[in-house]
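**Q** The sequence and its predicted three-dimensional model are supplied below.
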Amino acid sequence: MSPPGLSDHMRLLLIPIETEEVETRKTGSRPPARLLGPVPRPISPLVFFLALAGLLLHFAGSGRYGFFRDELYYIACGNHLAFGYVDHPPLIAIIARLSSLALGNALSAFRFFPALAGACLVLLTGLLTRELGGGRFAQALASLTVLLAPIYLALGTFLSMNAFEPLLWVTCAYILVRILKGGDQRLWLLFGLVAGIGLENKHTMLMFGFAVTVGMILTRSWKHMRTKWFWLGGTLAFLIFLPNLIWEAQHNWPQIEVVRNCQTLKNTSVGIWRFFGEQILFLNPVALPVVVGGFAWLLFSKREKRFRSLGWAFLVVIAAVWTLNGKTYYPLPFYPVLFAGGAVGFGRWLLRGKDWLRMAYVVMLVISGVVMLPFGVPVLPLNAMLRYQKVISLENVVQMEHDSAADLHQLYADMLGWENMAATIANVYHHLPPSDQTRCAILAGNYGEAGAIDIYASEYGLPKAISGHNNYYFWGTHDHIGEVVILFGQHAESTKTMFADVKQAAVISYRHAVAAENHLPVYVCRRPKAPLAELWPSLRYFE
């Protein structure tokens with residue numbers, strides 16, 4: 001029952017629109033679309049239980065191993081708030097700063113909001129399934145599939161833009177489904193608001209918006225695109241995105257340079273079989289029937305043609321990622337939509353009236369999800385994880401960047417060795433004469449290395465690091481002239497030629513770290529061939 005005093009328009013915004021299936025059971029005939037409305041389909045309690053389970057899983061692993069490389073960088077960005085950064089929009093830096101102010105600087109504090117986003121994704125997928133016409137079993141199946149997908153578990157494990165991207169895409173899809181079902185056209189304003197926030201999180205929201213627009217054009221959903229609310233929603237998204245767009249223009253569009261350099265220098269190339277094979281592995285192979293069923297149901301269902309634009313949108317996303325040589329995980333924010341559609345279609349076509357088959361499939365899904373769980377959430381101690389991945393032979397199956405090889409898969413290897421790195425640099429720094437310490441700069445090769453120094457600076461009594469990598473380049477030299485420089489990390493061998501006096505002082509080694517961060521020489525450099533401010537532009541690199 002709606003609260004008294006709400007207008008009919010507000011009720012449409014708050015109350016899910018009923019599907020034809022419910023009305024058909026009541027009357028025996030298919031009702032006109034305008035009569036569908038006031039009775040909401042029940043929500044399965046399991047959806048809430050699964051969302052809570054996801055949250056607790058992430059809490060269980062939030063303090064293990066260490067900071068992820070990108071986490072270190074985003075935390076540093078949070079200490080330098082701006083309308084944009086070389087390689088990402090500002091939202092993740094704002095979340096990092098908010099985490100620090102509200103929860104402190106512990107590892108688990110920075111992972112609270114990603115864990116919460118992961119739990120909300122599980123919940124929202126169940127709600128989307130309800131809007132697509134799924135009953136309680138379909139809702140629970142879709143939520144369970146998201147919960148047990150290794151990629152969504154992994155994305156909720158650490159602070160990154162990718163932790164929030166699927167939630168923002170699926171929220172927009174949920175709003176779009178409400179509109180396609182005859183909801184108030186003013187929902188386009190809410191769509192624009194969420195899309196604008198998504199653009200401030202990651203620029204790939206542009207791809208989602210483009211895909212949805214193409215899907216609606218291909219399915220001739222003209223009535224929804226002709227309203228003023230559609231265009232006002234787009235305008236709102238643009239206005240939210242505008243500050244970051246202006247920042248990009250003022251800084252000569254560095255994001256474009258980053259993407260180009262990553263494509264040519266950093267990302268590993270993949271063939272078509274590996275492209276889809278890695279996505280199947282990311283999503284849990286047992287979930288493949290739900291994925292395929294969801295795509296087929298969205299694109300080919302004669303009964304629910306109004307949702308067909310989402311099927312086309314998925315194809316556009318896949319085509320865009322493949323054409324632009326993007327990483328294999330780029331389409332993954334869209335898959336919860338396929339899970340939702342697949343849970344509806346899968347239940348109707350294959351599992352209707354076959355409780356034993358439903359149970360058998362759920363058991364298989366749970367078993368496979370539990371087997372792959374340690375690859376998504378660091379629930380196992382390090383040594384146990386090393387043994388576990390050898391038993392099931394999944395080590396190094398997925399490697400998306402050069403120089404990421406390690407005895408652990410890349411997600412966890414990139415969490416290891418950072419404090420050891422800071423401790424090694426601190427040992428070199430504190431062995432310098434006091435007069436050298438006061439004028440010493442710590443020059444790191446990349447943002448992960450610089451971020452490691454920054455996060456442990458107060459603990460080890462170190463100055464903040466400088467680096468020419470990505471946004472560290474814009475933060476400059478911290479007024480260091482370059483008389484004494486502790487140099488280490490990426491490009492150190494070429495950078496040390498800028499100094500006339502170079503001595504190796506240590507080697508950074510950590511057994512389980514990625515190859516690019518292992519056995520790194522540490523140099524103490526003096527007598528620069530030019531002031532550091534003059535050398536600085538030659539140290540700039542964006543990737």
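**A** In hand now; what should we look at? Numbering: from 1, shown residues only.
**Q** which residues of the stretch 1-150 of the chain score low on pLDDT?
**A** Within the stretch 1-150 of the chain, the stretches with pLDDT under 70 are 1-41.
**Q** would you list every one of the strands in it?
**A** In order along the chain, the stretch 1-150 of the chain carries no strands (DSSP state E, counting those that start in this stretch).
**Q** quick one: low-confidence ranges for this protein?
**A** 1-41, 265-269, 347-354, 393-406.
**Q** and the residue nearest the centre of the chain, helix, strand or coil?
**A** By CA atoms, centre = their mean, the mean C-alpha position of the chain lies nearest to residue 162, the distance being 0.8 Å. Under DSSP: H, G, I helix; E, B strand; the rest coil, residue 162 falls in the helix class.
**Q** now it, nearest residue through space, not along the chain?
**A** Distances taken as CB to CB, 6 or more residues apart in numbering put residue 155 closest to residue 162, at 4.9 Å, once the chain neighbours are dropped. (C-beta placed from N, C-alpha, C; glycine too.)
**Q** Spell out the secondary structure type for residue 185.
**A** coil.
**Q** Count the neighbours of it for me.
**A** Around residue 185 there are 19 other residues, counting by other CB atoms under 10 Å.
**Q** Sketch out the helices for the stretch 251-400 of the chain, chain order is fine.
**A** 254-261, 272-283, 288-300, 308-323, 335-349, 355-372, 382-391 (DSSP state H, counting those that start in this stretch).
**Q** name the helices or strands packed onto the first one?
**A** Taking 3 or more CB pairs under 8 Å, 6 or more residues apart in numbering; DSSP states H and E as contact, there are no helices or strands that helix 254-261 lies on.
**Q** List every C-alpha atom in that helix, with coordinates, as CSV.
**A** Coordinates of each C-alpha in helix 254-261 appear next as CSV, following Å, rounded to 0.1, in the frame of the first residue of the first chain:
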residue,chain,number,x,y,z
PRO,A,254,45.8,12.5,-21.2
GLN,A,255,43.3,9.6,-21.0
ILE,A,256,43.5,9.1,-24.7
GLU,A,257,47.3,8.8,-24.4
VAL,A,258,46.9,6.3,-21.6
VAL,A,259,44.6,4.1,-23.5
ARG,A,260,46.8,4.1,-26.6
ASN,A,261,50.0,3.3,-24.6
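**Q** residues in contact with stretch 246-260?
**A** 82-84, 86-88, 203, 470, 474, 542-543 (CB atoms under 8 Å, 6 or more residues apart in numbering).
**Q** what's the distance between it and the middle of its chain?
**A** Here stretch 246-260 is found 21 Å from its chain centre; the criterion is CA atoms, centre = their mean, to the nearest Å.
**Q** Pull out the buried residues from it.
**A** 247-248, 254-255, 258-259 (16 or more other CB atoms under 10 Å).
**Q** same check, this time on stretch 226-237
**A** Of the residues in stretch 226-237, those buried (16+ other CB under 10 Å) are 229-230, 233-234, 236-237.
**Q** In terms of distance to residue 522, which of these ranks first?
**A** Closest approach between those and residue 522, by CB to CB: residue 237, at 46.9 Å.
**Q** Tell me the spacing between the closest residue in space to residue 295 that isn't next to it in sequence and residue 83.
**A** For residue 295, ignoring the flanking residues on the chain, the nearest one in space by CB to CB, 6+ apart is residue 338 at 5.5 Å. Note on residue 338: its distance to residue 83, by CB to CB, to the nearest Å, is 34 Å.
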